[in-house]
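Colleague: Turn this into a structure:
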Amino acid sequence: MHIVCLDLEGVLVPEIWIAFAKESGIPELKLTTRDEPDYDKLMNYRLKILKEHNLGLKEIQDTIAKIEPMDGAKEFLDELRKLGQVIIISDTFTQFAAPLMAKLGYPTIFCNELIVSEDGEVTGFKMRCEKSKLTTVKALQSIGFETIASGDSFNDLAMIEASKAGFLFRSTEQIKKDYPHLPAFETYDELLDAIKKAI
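Modeller: This is a model prediction of the structure:
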């Protein structure tokens, strides 16, 4: 029995924070998990910038409403779901992910929650569990699943390396160089073929 675990941003949809950085004209928000391995540090940095610029959840959601899945992402996901169970494991937040899931045909997603005040200020975040991607993969393995994982960033590496098969997808040159043992793909067709072989 196998289950495919996919990252969301950078794999199926564009990076939300990069889109919001462009929309808001705040280049500091372009930093992602491709640049900063420490997720807590990254999120606290983002929240500080949002507060400084008096930006809240509504402004981010307005940007997300304009984001479309990457070309071919939904078709890739549809093909993958014909082969078996797929879970998107993301460090994003339900308040960000919901409209994107509608555009992807409502796949299963495990992600986190933002803490938002009544006036819409993002005051904090609640992670589902520690080391959420690795912990989830290990939990799935503990109930009898073999996991196959793919992602593009630092925070995907642990789940990729802990899985029966793991692949980088549209990752950075630096990550590919630092993890030469991980197969790296640029197209959905390549990734789908690799997953089929792993199954």
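Colleague: Quick check: phi and psi on the closest residue to Gln95 other than its chain neighbours?
Modeller: Nearest residue to Gln95, sequence neighbours excluded (Cβ to Cβ, 6 or more residues apart in numbering): Leu114, at 5.1 Å. In short, each C-beta sits where N, CA and C put it, glycine included. In this entry, Leu114 is assigned phi and psi values of phi -90, psi 150 (degrees, to the nearest 10).
Colleague: if I pick Leu114, what's in contact with it?
Modeller: Shown in contact with Leu114 (Cβ atoms under 8 Å, 6 or more residues apart in numbering): Leu57, Phe93, Thr94, Gln95, Phe96, Val122, Gly124, Phe125, Lys126.
Colleague: quick one: the helices in this structure?
Modeller: When secondary structure is read from DSSP state H, the chain shows helices at 16-24, 39-52, 57-64, 73-83, 94-103, 132-142, 157-162, 173-178, 188-198.
Colleague: Can you tell me which of those helices is packed in deepest?
Modeller: Neighbour counts (mean count of other Cβ atoms under 10 Å) averaged over each of those peak at helix 157-162, with a mean of 21.
Colleague: And the average pLDDT for it is what?
Modeller: Averaging pLDDT along helix 157-162 gives 97.
Colleague: contact partners of that helix?
Modeller: 5, 89, 131, 133-134, 136-138, 141, 147, 149-151, 166-168, 175, 179, 182.
Colleague: and Arg46, what does it touch?
Modeller: Neighbour list for Arg46: Trp17, Leu29, Leu31 [criterion: Cβ under 8 Å, 6+ apart].
Colleague: again with Leu55
Modeller: Residues near Leu55 by Cβ under 8 Å, 6+ apart: Ser24.
Colleague: returning to that earlier point: please tabulate the helices of the chain in a markdown table and include distance to Gly10 as additional columns.
Modeller: Formatted as a markdown table, the helices of the chain follow (distance: least, Cβ to Cβ, whole Å):
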| stretch | distance to Gly10 |
| --- | --- |
| helix 16-24 | 9 |
| helix 39-52 | 14 |
| helix 57-64 | 15 |
| helix 73-83 | 11 |
| helix 94-103 | 13 |
| helix 132-142 | 13 |
| helix 157-162 | 13 |
| helix 173-178 | 11 |
| helix 188-198 | 13 |
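Colleague: Ok, which of those helices comes nearest Glu118?
Modeller: Checking the helices of the chain against Glu118 by Cβ to Cβ gives helix 57-64 as the closest, at 11.1 Å.
Colleague: any idea of the angle the closest one forms with helix 16-24?
Modeller: 100 degrees (axes from the mean of the first three to the mean of the last three Cα atoms, to 10 degrees).
Colleague: same question for helix 57-64, mean pLDDT?
Modeller: For helix 57-64, the mean confidence score works out to 96.
Colleague: So what touches it?
Modeller: Helix 57-64 has contacts (Cβ under 8 Å, 6+ apart) with 16, 19-20, 23-24, 95-96, 99-100, 114, 116, 120-122.
Colleague: so it versus helix 39-52, what angle?
Modeller: In terms of direction (the same axes, to 10 degrees), helix 57-64 departs from helix 39-52 by 110 degrees.
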